[in-house]
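K.L.:
With the sequence up front, the predicted model follows.
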Amino acid sequence: MTETDDNLVELAKGGDHAAFRQLVERYQRDVLVTVVGILGNSDAVDDVVQDTFIRLHKSLAQFEGRASLKTYLTKIAMNKSLDHLRKEKRRSKREVNLDERSHGNINPVEQDNLADKIVWKAVDSLPEKYKAVVVLRLIDGYSTEEVAQILEIKYGTVLSRLSRATTKMKEYLEPYYTTQALRTDG
């Protein structure tokens, strides 16, 4: 019989390492998706995922269950990811140099992969507060209310940031649409 999150949390609070391991196994993929959504395919992803579960372990005694464990973990993962980005920005200014528009004719498999890369670059180009909303709402699939709870912002703020984020992403992606249309029509 599969244990509920509540049961596993209580067992883990009591020092049951197997229960905590089950929680990690249950939510590792969800945490990974969130972290990759914020950091991209960074070398730091594994460290941030691990830090997320370390933070969960340290804070388990304070977890009261007002939110679901998944929501609580996602909030930790978002905070750890955003902390990492802030540290990286302080260390050095990242320059993203992606101009695949000049690659000429690309086979369809490479083109699909290229499209994914370009969309992820558009997400990555967003300011942190917009990126967080896009990842949680559009990639992780949380409801607007859940996003507001995770980020501790108002419902309307989530909608506003999502709207601004999609506008910024459209602006970022617009040159690629034009290039693709020329490549297809010409």
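P.N.:
Right, received. Where do you want to start?

K.L.:
make it CA atoms for all contacts and neighbour counts henceforth
P.N.:
OK.

K.L.:
low pLDDT regions in the chain?
P.N.:
Residue ranges of the chain with pLDDT under 70: 1, 90-113, 178-186.

K.L.:
Could you pull out the buried residues of the longest helix anywhere in the chain?
P.N.:
Using DSSP state H to define each element, the chain has its longest helix at helix 155-185. Across helix 155-185, burial judged by 16 or more other Cα atoms under 10 Å covers Val158, Leu159, Arg161, Leu162, Ala165, Thr166, Lys168, Met169, Tyr172, Leu173, Tyr176.

K.L.:
That helix packs against which elements?
P.N.:
For helix 155-185, the elements it packs on are helix 108-124, helix 128-134, helix 144-151, judged by 3 or more Cα pairs under 8 Å, 6 or more residues apart in numbering; DSSP states H and E.

K.L.:
6 Å instead, please
P.N.:
Using 3 or more Cα pairs under 6 Å, 6 or more residues apart in numbering; DSSP states H and E as the contact test, no helix or strand touches helix 155-185.

K.L.:
okay, the angle between it and helix 144-151?
P.N.:
110 degrees (axes from the mean of the first three to the mean of the last three Cα atoms, to 10 degrees).

K.L.:
quick revisit: would you list the buried residues of helix 155-185 in TSV and tack on distance to Ile150?
P.N.:
Below are the buried residues of helix 155-185 laid out as TSV (distance: Cα to Cα, whole Å):
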residue	distance to Ile150
Val158	11
Leu159	14
Arg161	14
Leu162	15
Ala165	18
Thr166	20
Lys168	23
Met169	23
Tyr172	27
Leu173	28
Tyr176	33
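
K.L.:
What is the most widely separated pair among those?
P.N.:
Spatially, the most separated pair among these is Val158 and Tyr176, at 27.2 Å (Cα to Cα).

K.L.:
if we can go back for a sec, return the closest of the buried residues of helix 155-185 with respect to Gln149.
P.N.:
Val158 (9.9 Å).

K.L.:
For His155, give its distance to Val147.
P.N.:
Quick fix: residue 155 is Tyr, not His. Tyr155 sits 8 Å away from Val147, going by Cα to Cα, to the nearest Å.

K.L.:
Arg26 now?
P.N.:
In terms of Cα to Cα, Arg26 sits 21 Å off from Val147.

K.L.:
what is the orientation angle of the helix or strand hosting Arg86 with helix 144-151?
P.N.:
Arg86 belongs to helix 69-91 when assigned by DSSP states H and E. With the same axes, to 10 degrees as the basis, helix 69-91 and helix 144-151 are set at 50 degrees to each other.

K.L.:
now for helix 69-91, which elements pack on it?
P.N.:
The contact analysis (3+ Cα pairs under 6 Å, 6+ apart) places helix 69-91 against no helix or strand.
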